[in-house]
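# would you be able to build a 3D model of this:
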Amino acid sequence: MGGLTLDNVTMAYGPRVLFAGVCAQAGPGETLVVTGANGAGKSTLLKIIAGLVRPEEGRVRREGAFGYAAPDVHLYAELTGRENLAFFAGLRGLADDPDALLARVGLPRGRGGDLVGAYSSGMRQRLKLAVSLLGEPPLLIWDEPTLALDAAGGERVEEILGRHRRGGGVAVLAANDPVEADRWAAGGVRLHIGAA
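From the prediction side, this is the model:
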């Protein structure tokens, strides 16, 4: 269904090397969990995987479409949650049901018609996850997917990931919480970047 290979990926900002020689592979049904200290380059590596940043050296091979969710993903505050989903779906020529996606990520019932500017940080995070699920991509790239979520939101993330893996999908997750990292890496691949 999909796959991901990182081959000697290196990133530097001038003389400062963020990470070097990163190699990893994840196949259908697997999760690649990226860990490391703050500033180690987890978010940068996920942006490289998504094709948003070019590495200094190395190569990324992705199979199939991907969905990306990260803290810096922009949502339109002047649009409703439903309108944001319809907008991003339209850009990609997709016809997903916005209400079904909002229910899937657990956005409180009836809030899909509210302006995103009135959403809490947790509601915005749920909407970002919903955007990443448009078109049921075989590869999910999620940077700290439980950021700002309550316990129910964390459980929803687990449900979505479990279903995605059982369907043969691949997930790449950046994690700061060691408990989450251990749980997500079970049966998958763990990649620690930065100082050991």
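
# what about stretch 182-191, average pLDDT?
For stretch 182-191, mean pLDDT is 91.

# how long is it end to end?
Using CA to CA, to the nearest Å, one end of stretch 182-191 lies 11 Å from the other.

# cool, and stretch 65-85?
Termini of stretch 65-85 sit 17 Å apart (CA to CA).

# looking at this, residue 33 is in a strand?
Yes - counting by DSSP: H, G, I helix; E, B strand; the rest coil, residue 33 is found in a strand.

# settle this for me: it is touching residue 189, isn't it.
Yes - between residue 33 and residue 189 there is a contact under CB atoms under 8 Å: 7.1 Å. C-beta: built from backbone N, CA, C; applies to glycine.

# quick one, which of the two is more surrounded?
Higher neighbour count among residue 33 and residue 189: residue 33, with 23 against 16, using other CB atoms under 10 Å.

# mutual contacts of residue 33 and residue 189, please.
Overlap of the contact sets of residue 33 and residue 189 (by CB atoms under 8 Å, 6 or more residues apart in numbering) is empty.

# just give me the longest helix of this structure.
helix 151-166 (DSSP state H).

# if I take it and strand 31-35, what angle do their directions form?
Here helix 151-166 runs at an angle of 130 degrees relative to strand 31-35 (axes from the mean of the first three to the mean of the last three CA atoms, to 10 degrees).

# host element of the residue most central in space within the chain?
With distances taken as CA atoms, centre = their mean, the residue of the chain nearest its centroid is residue 142 (1.4 Å). Per DSSP states H and E, residue 142 falls inside strand 139-143.

# who's in contact with that strand?
With CB under 8 Å, 6+ apart as the criterion, strand 139-143 contacts 2, 4, 42-43, 46, 49-50, 62-71, 129, 132-133, 161, 164, 169-174.

# out of the helices and strands in this protein, which is least certain?
One helix or strand of the chain scores below all others by mean pLDDT, DSSP states H and E: helix 178-185, with a mean of 93.

# ranges for the strands of the chain?
3-13, 16-26, 31-35, 57-63, 66-69, 139-143, 170-174, 189-192 (DSSP state E).

# hey, which of those strands is tucked in deepest?
Comparing the strands of the chain by mean neighbour count (mean count of other CB atoms under 10 Å), strand 170-174 ranks first with a mean of 27.

# name whatever forms a beta bridge with the closest residue to residue 66 other than its chain neighbours.
Among residues not flanking residue 66 along the chain, residue 139 sits closest, at 3.9 Å (CB to CB, 6 or more residues apart in numbering). Judged by DSSP bridges, the bridge partners of residue 139 are residue 66, residue 170.

# separation between residue 139 and residue 83?
Distance of residue 139 to residue 83, given as CB to CB, to the nearest Å: 26 Å.

# again with residue 47
Distance of residue 47 to residue 83, given as CB to CB: 26 Å.

# out of those two, which sits in the more crowded spot?
Under the neighbour definition other CB under 10 Å, residue 47 and residue 83 were set side by side, and residue 47 has more, 20 against 16.

# in contact with that one, which residues are there?
Neighbouring residues of residue 47 by CB under 8 Å, 6+ apart: 53, 70.
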